[in-house]
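# No letters, just coordinates:
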């Protein structure tokens, strides 16, 4: 019988039971020889033996950076499987240079983000924040002044995994949303096949009732929605950001929302978290949530299940469903 591969968990100890509840942990232990502890500090003396024999690394939040020094401690490592979304925070080019397979559970994390985004799009299409603020103040809009979703134009920035999920939901919705897409890597033909119209980012801002951000956090996408582009938004428009905080200029967003001209639903901020007392936090036309769009609570086990499936695929010699290549680092979140 072939020797079972040794597997090390590289994530914060407090999340292990969320990621790998009892049934998933048992399944993982049936597949591999799982080190009983977790490793977040690869230099710790107690981690040395576990890392030296590791063939598989199951990573998660709190995983150390897999740089040269850390990888030197794992000479037998063959695969790093991430039970979370982005691998950009821990996987370095050296991982691929050594021929180590990399996988991410980003697919499993995408569905809740799509659902969160769709929920905010529906609320935004009804101007829920402004209407609620007026209601608290004793104002109830007349029927002819109320807004609905039918025919609203939604501008999607980025045909990412989540962006495409949102587009699919929008184009299937009974409301008949008009969907615009801005993405420099998508052709007009591909955009049409997705059910959208490809436009440049400035045009998207001018024409959209709702703008939702799904681009990766890269140097060139910092402040993608800057003061100039936010100023292009029509009065009453809404910005939704469930991607990364740095994609939106916080000062410019504060100015536009503070004037009451636009609304915003923001799950990610720059900085994150916003300091106590930041003016965005007190605006009635802004809803800020603390990075909760992705898997939360009991949903986190979806990431663990995806990762355990990947471990099984690797052991069987099958292609990894969530495989990540070195070239992907330039365009993933």
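Nice, I can see it. Not measured: the values here are computed from a predicted model. Residues are numbered from 1 along each chain as shown.

# CA atoms for contacts and neighbours, from now on please.
OK.

# Nearest residue to the middle of the protein?
Geometric centre of the chain, nearest residue: residue 243, 5.3 Å, by Cα atoms, centre = their mean.

# Would you map the helices across the stretch 151-300 of the chain?
Here the stretch 151-300 of the chain has its helices, by DSSP state H, counting those that start in this stretch, at 161-172, 188-194, 201-207, 227-232, 250-258.

# Leaving out the residues flanking it, which one is nearest to the residue nearest to the centre of the chain?
residue 214 (5.2 Å; Cα to Cα, 6 or more residues apart in numbering).

# List the contacts of that neighbour.
156, 157, 158, 159, 160, 162, 163, 241, 242, 243 (Cα atoms under 8 Å, 6 or more residues apart in numbering).

# Out of the helices of the stretch 151-300 of the chain, which is closest to residue 320?
Relative to residue 320, the nearest member of the helices of the stretch 151-300 of the chain by Cα to Cα is helix 161-172, separated by 17.0 Å.

# Can you list the neighbours in contact with that closest one?
Contacts of helix 161-172 (Cα under 8 Å, 6+ apart): 107, 110-111, 113-114, 117-118, 156-157, 176-179, 194-196, 213-215.

# Make a PyMOL selection of the buried ones in the residues you listed.
Buried residues within the contacts of helix 161-172, by 16 or more other Cα atoms under 10 Å, are selected in PyMOL with:
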select buried, resi 107+110+111+113+114+117+118+156+157+177+178+179+194+195+196+213+214+215
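
# where along this protein do the strands fall?
Using DSSP state E, the strands found in the chain span residues 6-10, 33-38, 56-59, 79-82, 101-104, 153-157, 178-182, 197-198, 210-213, 238-241, 263-266, 286-288.

# I'd like these as JSON lines, with distance to residue 69 appended.
Listed next are those as JSON lines, based on distance: least, Cα to Cα, whole Å:
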{"stretch": "strand 6-10", "distance to residue 69": "16"}
{"stretch": "strand 33-38", "distance to residue 69": "18"}
{"stretch": "strand 56-59", "distance to residue 69": "16"}
{"stretch": "strand 79-82", "distance to residue 69": "16"}
{"stretch": "strand 101-104", "distance to residue 69": "18"}
{"stretch": "strand 153-157", "distance to residue 69": "38"}
{"stretch": "strand 178-182", "distance to residue 69": "40"}
{"stretch": "strand 197-198", "distance to residue 69": "45"}
{"stretch": "strand 210-213", "distance to residue 69": "36"}
{"stretch": "strand 238-241", "distance to residue 69": "36"}
{"stretch": "strand 263-266", "distance to residue 69": "38"}
{"stretch": "strand 286-288", "distance to residue 69": "39"}
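
# Just send those strands back as JSON lines, with mean pLDDT and distance to residue 73 too.
Shown next, in JSON lines, are the strands of the chain (pLDDT from 0 to 100; distance: least, Cα to Cα, whole Å):
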{"stretch": "strand 6-10", "mean pLDDT": "98", "distance to residue 73": "12"}
{"stretch": "strand 33-38", "mean pLDDT": "96", "distance to residue 73": "15"}
{"stretch": "strand 56-59", "mean pLDDT": "98", "distance to residue 73": "12"}
{"stretch": "strand 79-82", "mean pLDDT": "98", "distance to residue 73": "14"}
{"stretch": "strand 101-104", "mean pLDDT": "98", "distance to residue 73": "17"}
{"stretch": "strand 153-157", "mean pLDDT": "98", "distance to residue 73": "41"}
{"stretch": "strand 178-182", "mean pLDDT": "98", "distance to residue 73": "43"}
{"stretch": "strand 197-198", "mean pLDDT": "98", "distance to residue 73": "48"}
{"stretch": "strand 210-213", "mean pLDDT": "98", "distance to residue 73": "39"}
{"stretch": "strand 238-241", "mean pLDDT": "98", "distance to residue 73": "39"}
{"stretch": "strand 263-266", "mean pLDDT": "98", "distance to residue 73": "40"}
{"stretch": "strand 286-288", "mean pLDDT": "98", "distance to residue 73": "41"}
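
# now the lowest-mean-pLDDT helix or strand in the chain: how far from the chain's centre is it?
The weakest-scoring helix or strand in the chain, judged by mean pLDDT, DSSP states H and E, is helix 128-136 (a mean of 87). The chain centroid and the centroid of helix 128-136 are separated by 29 Å under Cα atoms, centre = their mean, to the nearest Å.

# And the contacts of that helix?
123, 140, 141, 263, 284, 285, 286, 287.

# Neighbour-wise, give me the winner out of these.
residue 263 (28 neighbours; other Cα atoms under 10 Å).

# check contacts around that residue.
Residue 263 makes contact with 124, 129, 130, 236, 237, 238, 239, 257, 285, 286 under the criterion Cα under 8 Å, 6+ apart.

# which residues pair with the last one across the strands?
Looking back up the chat, that one is residue 286. Applying DSSP bridges to residue 286 gives these bridge partners: residue 264.
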